[in-house]
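Visitor: below is the sequence, then the predicted model.
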Amino acid sequence: MKRHHARPSARPPLAVGCRLGCFLLTALLWGACGSSEPPGLDLPERTSEQTEPKPPPPDTPSVAVEAIRIAHRQLDEEVVLTGELRAAESVSLRAETAGRAITVDFEEGQFVRAGQLMVKINDAGLVAERKRTALRRDLAAQREQRLGKLVTEGTISQDLYDEAANELAVLEADLELFGVRIAETEVRAPFDGVVGLRSISVGSYLTPQTAIATIQALDPIKIDVTAAERYAGRIRVGEPLRFTVAGFDRPFTAKVYAVEPRIDSESRTIQVRAQAANPGHRLLPGSFAKVRLSLGAQTEALMVPSIALVPGVNATSVFVVEDGKAAERVVRTGTRTASDVEILDGLSVGDQVIVTGIQSVRSGTPVLISPSAPGIGTLTAADIAGAAP
């Protein structure tokens with residue numbers, strides 16, 4: 001006998017329709033009543049703080065600052081460069097010919113005059129050759145005179161006389177050559193200067209490659225200065241400069257007398273050479289010099305104290321006062337002095353630049369200007385009244 005399982009009865013279509021109708025009726029009634037919440041939901045009520053915008057924050061208090069009103073000033077532009085002292089003349093003494101030194105006629109550190117004999121090389125062989133040649137020259141001269149008379153009388157041919165005259169000329173030239181070769185055995189000072197340490201002694205065998213000693217002309221002394229190429233068009237011959245050297249408490253003065261007419265393509269610099277008096281020979285070649293070179297005066301430079309600058313990653317800025325509030329300005333700087341910086345772009349005459357209290361302000365911060373602004377361009381009462389909020 002088979003068993004039949006009872007199936008669950010399906011919900012009558014009439015019941016489903018009734019439930020759907022009730023839901024639609026409820027939705028229509030909710031919309032007609034203008035309710036913002038669906039019925040049956042227990043939501044918190046919205047407060048006035050959530051439905052209305054927040055009021056603006058109270059006014060930020062004014063920050064006390066000091067400011068200056070900038071104006072055109074005269075700027076004696078000066079750049080700091082590096083330099084090296086160089087002797088006016090410097091040479092390493094060497095012999096022109098090889099031979100044994102028989103005399104050394106100078107002391108180390110001695111001041112010598114141009115042309116003074118320094119070293120003598122053995123020239124005995126050359127002197128003997130010159131003496132023999134002189135005797136031959138004398139004999140040739142006598143023969144030339146005799147043949148000259150005979151050719152005049154017509155007793156000999158002109159060719160014989162010409163041969164004798166030519167022999168005499170050759171011997172005279174040989175004497176001159178020996179004089180030159182003997183002079184090459186003498187090492188003389190080429191200019192006035194101070195001799196350095198010698199590296200030879202009497203009896204040393206010298207060649208043209210042997211360094212005997214150095215000689216330096218120290219008065220005046222030269223200063224070689226390296227300047228960036230941007231200053232090339234502003235450095236002029238005759239410009240004065242000041243320099244300091246380690247070991248001296250006072251600065252020295254010099255004058256530019258030559259400028260290299262080209263820019264070094266690798267370092268992008270230009271070479272400048274100046275000259276300074278050195279009567280006591282206290283300044284020595286090779287010394288490092290810190291040089292201050294004047295580039296002339298500007299009569300309409302805009303200067304601000306260096307403490308007013310705010311350095312940034314990509315730019316430098318300052319804060320100015322506009323309508324009683326701080327405003328940031330990006331500036332381009334130029335020459336720096338001990339306390340001020342030249343502004344090339346970003347500011348104008350009459351701008352008020354904040355110099356103290358910078359750490360407490362940002363763009364839009366109300367400021368109250370103090371009348372005791374230090375440095376340049378002290379504010380007047382009218383300036384402060386016009387800038388105060």
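Guide: Arrived safely. Residues are numbered from 1 along each chain as shown.
Visitor: only C-alpha atoms from now on, for both contacts and neighbour counts.
Guide: Fine.
Visitor: you'd agree Leu347 is in a helix?
Guide: No - going by DSSP: H, G, I helix; E, B strand; the rest coil, the assignment for Leu347 is coil, not a helix.
Visitor: dihedrals phi and psi, it?
Guide: Main-chain dihedrals, Leu347, degrees, to the nearest 10: phi -130, psi 160.
Visitor: I'd guessed it sits against Glu328; true?
Guide: No - assessed by Cα atoms under 8 Å, Leu347 is found out of contact with Glu328, at 10.9 Å.
Visitor: now do the shared contacts for the two.
Guide: When contacts are counted by Cα atoms under 8 Å, 6 or more residues apart in numbering, Leu347 and Glu328 have no shared neighbour.
Visitor: how about the contacts made by Ile200?
Guide: Counting by Cα under 8 Å, 6+ apart, Ile200 has contacts Ile212.
Visitor: and the strands in the stretch 51-200 of the chain?
Guide: For the stretch 51-200 of the chain, strands defined by DSSP state E, counting those that start in this stretch occupy the ranges 63-69, 72-93, 99-104, 111-112, 117-121, 186-188, 193-195.
Visitor: for Arg143, which of those is the nearest?
Guide: Ranking the strands of the stretch 51-200 of the chain by proximity to Arg143 (Cα to Cα) places strand 186-188 first, at 35.2 Å.
Visitor: which outside residues touch that closest one?
Guide: Contact with strand 186-188 is made by 93-96, 114-121, as judged by Cα under 8 Å, 6+ apart.
Visitor: which of those residues sit farthest apart?
Guide: Using Cα to Cα, those span at most 19.0 Å, a distance reached by Ala114 and Ile121.
Visitor: and those two? which has more neighbours close in?
Guide: Set Ala114 next to Ile121 and count neighbours by other Cα atoms under 10 Å: Ile121 wins out with 25 against 11.
Visitor: flag every buried residue along stretch 357-367.
Guide: For stretch 357-367, burial by neighbour count (16 or more other Cα atoms under 10 Å) applies to 358, 361, 365-367.
Visitor: returning to what we had before: of the contacts of strand 186-188, keep whichever come out buried.
Guide: Listed as buried from the contacts of strand 186-188 are 93-96, 116-121; burial here means 16+ other Cα under 10 Å.
Visitor: which one of the residues you listed is nearest to Leu293?
Guide: Using Cα to Cα, the buried ones among the contacts of strand 186-188 come closest to Leu293 at Leu93, 35.2 Å.
Visitor: any idea of the pLDDT on Cys22?
Guide: For Cys22, the model assigns a pLDDT of 50.
Visitor: also Glu45?
Guide: Looking at Glu45, the pLDDT reads 50.
Visitor: for the one 3 residues further on, same thing?
Guide: You'll see Ser48 listed with a pLDDT of 42.
Visitor: same check, this time on the one 10 residues further on
Guide: In the prediction, the pLDDT value recorded for Pro58 is 51.
Visitor: and the buried residues of stretch 357-367, which two are the farthest apart?
Guide: So, these by Cα to Cα: farthest apart are Ile358 and Pro366, at 12.3 Å.
Visitor: those helices in the stretch 251-389 of the chain, which residues are they?
Guide: 381-387 (DSSP state H, counting those that start in this stretch).
Visitor: ugh, wrong one, the stretch 101-250 of the chain
Guide: Counting by DSSP H, counting those that start in this stretch, one finds helices in the stretch 101-250 of the chain at the ranges 124-153, 158-183.
Visitor: these into a markdown table, with extra columns for distance to Glu66?
Guide: Shown next, in a markdown table, are the helices of the stretch 101-250 of the chain (distance: least, Cα to Cα, whole Å):
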| stretch | distance to Glu66 |
| --- | --- |
| helix 124-153 | 89 |
| helix 158-183 | 80 |
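Visitor: any low-confidence regions in the stretch 1-150 of the chain?
Guide: Residues of the stretch 1-150 of the chain meeting the criterion pLDDT under 70: 1-60.
Visitor: show me the domain layout of the chain.
Guide: 64-75+300-387, 81-87+219-298, 96-121+185-211, 123-184 (automatic domain parsing).
Visitor: how long is stretch 114-130 end to end?
Guide: With Cα to Cα, to the nearest Å as the measure, the ends of stretch 114-130 fall 27 Å from one another.
Visitor: relative to Phe248, which of the strands of the stretch 51-200 of the chain is closest?
Guide: strand 72-93 (14.1 Å).
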